[in-house]
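Colleague: sequence? don't have it. structure:
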């Protein structure tokens with residue numbers, strides 16, 4: 001299938017950047033250990049009392065998983081599509097016999113899978129050795145984590161695809177992309193568990209797609225979401241998968257019309 005071939009080529013393209021991947025991994029590992037140290041100190045100051053439903057072991061696990069998932073959901077920005085629009089090369093992509101959205105989705109999945117292999121899995125292996133981390137309580141919980149992580153990637157891709165489409169309206173939309181990326185970093189629960197925030201902030205963020213990127217999968221891994229709460233979290237991710245994909249298609253259709261009007 002063409003989409004599988006695109007994903008495979010994107011995966012192998014990521015493997016070619018050995019030095020960059022190695023540097024990125026060590027950078028992620030350094031900040032993971034730093035964040036873990038800060039949270040361990042926080043819990044020590046509270047005599048080990050749980051915070052937002054997280055024990056110290058859960059919080060340390062959260063830092064490892066969060067850093068491991070950076071590349072998977074591309075939290076620090078994704079400029080491939082935006083640059084294609086800026087240079088005009090997007091015109092050739094639009095003429096391919098593959099739907100434009102799925103063409104980019106397949107490529108991003110290959111990129112994400114490579115990042116998970118090169119950075120995510122080694123990160124968790126380090127944490128297994130360095131810290132007593134929390135593990136899923138059952139095989140079903142582990143499976144739910146994998147499903148949630150996959151949906152988190154797709155929702156993240158839709159968000160990055162959407163803000164990249166700003167290039168159809170702006171000659172230099174990278175600033176908009178940076179704002180979109182920064183919003184995801186703060187609102188996804190990457191910097192700190194959403195349960196650490198005031199109740200009003202938690203409620204507001206739970207009405208957005210951002211917790212699905214990082215917080216929902218991590219909460220499933222550390223067994224903070226089980227039973228009906230787990231089912232509800234997965235249902236919310238299914239909803240956001242459909243809603244964000246629909247929104248991406250609507251904005252894309254509008255952007256293509258504008259490109260044609262400009263004589264692109």
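Modeller: Right, received. Where do you want to start? Please read these numbers as outputs of a predicted model, since none were measured by experiment.
Colleague: can you point out the buried residues in the longest helix anywhere in the chain?
Modeller: Longest helix in the chain, counting residues (DSSP state H): helix 227-261. Within helix 227-261, the residues that qualify as buried are 230, 233-234, 236-237, 240-241, 244-245, 248, 251-252, 255-256, 259, counting by 16 or more other Cβ atoms under 10 Å. For glycine as for every other residue, the C-beta is placed from the backbone atoms N, C-alpha and C.
Colleague: residues in contact with the residue nearest the centre of the chain?
Modeller: The centroid of the chain falls nearest to residue 73 when counting by Cα atoms, centre = their mean (2.4 Å). Residue 73 makes contact with 112, 152, 153, 156, 184, 188, 213, 214, according to Cβ atoms under 8 Å, 6 or more residues apart in numbering.
Colleague: go on, residue 40?
Modeller: 56, 59, 60.
Colleague: out of those, the closest to residue 219 would be?
Modeller: Checking the contacts of residue 40 against residue 219 by Cβ to Cβ gives residue 59 as the nearest, at 12.0 Å.
Colleague: leaving out sequence neighbours, find the closest residue to the closest one.
Modeller: residue 39 (4.4 Å; Cβ to Cβ, 6 or more residues apart in numbering).
Colleague: is it true that that neighbour touches residue 60?
Modeller: Yes - taking Cβ atoms under 8 Å as the definition, residue 39 is a contact partner of residue 60 at 6.4 Å.
Colleague: so which of the two has more stuff around it?
Modeller: residue 60 (26 against 20; other Cβ atoms under 10 Å).
Colleague: the more buried one: what's it in contact with?
Modeller: 36, 39, 40, 127, 131, 132, 133 are the contacts of residue 60 under Cβ under 8 Å, 6+ apart.
Colleague: for the second one, give me its contacts.
Modeller: Right, residue 39. 56, 59, 60, 62, 63.
Colleague: about what we covered before: any idea how far the residue nearest to the centre of the chain is from residue 157?
Modeller: As for residue 73, its distance to residue 157 is 8 Å (criterion: Cβ to Cβ, to the nearest Å).
Colleague: where exactly do the helices run in the stretch 51-200 of the chain?
Modeller: Under the criterion DSSP state H, counting those that start in this stretch, the stretch 51-200 of the chain contains helices at 56-68, 70-73, 80-87, 90-94, 100-115, 121-130, 139-164, 174-187, 199-205.
Colleague: closest one to residue 18 among those helices?
Modeller: helix 100-115 (11.5 Å).
Colleague: by how many degrees do the closest one and helix 80-87 diverge?
Modeller: Computed with axes from the mean of the first three to the mean of the last three Cα atoms, to 10 degrees, the direction of helix 100-115 lies at 130 degrees from that of helix 80-87.
Colleague: quick check: neighbours shared by residue 73 and residue 157?
Modeller: Joint contacts of residue 73 and residue 157 (Cβ under 8 Å, 6+ apart) are residue 112.
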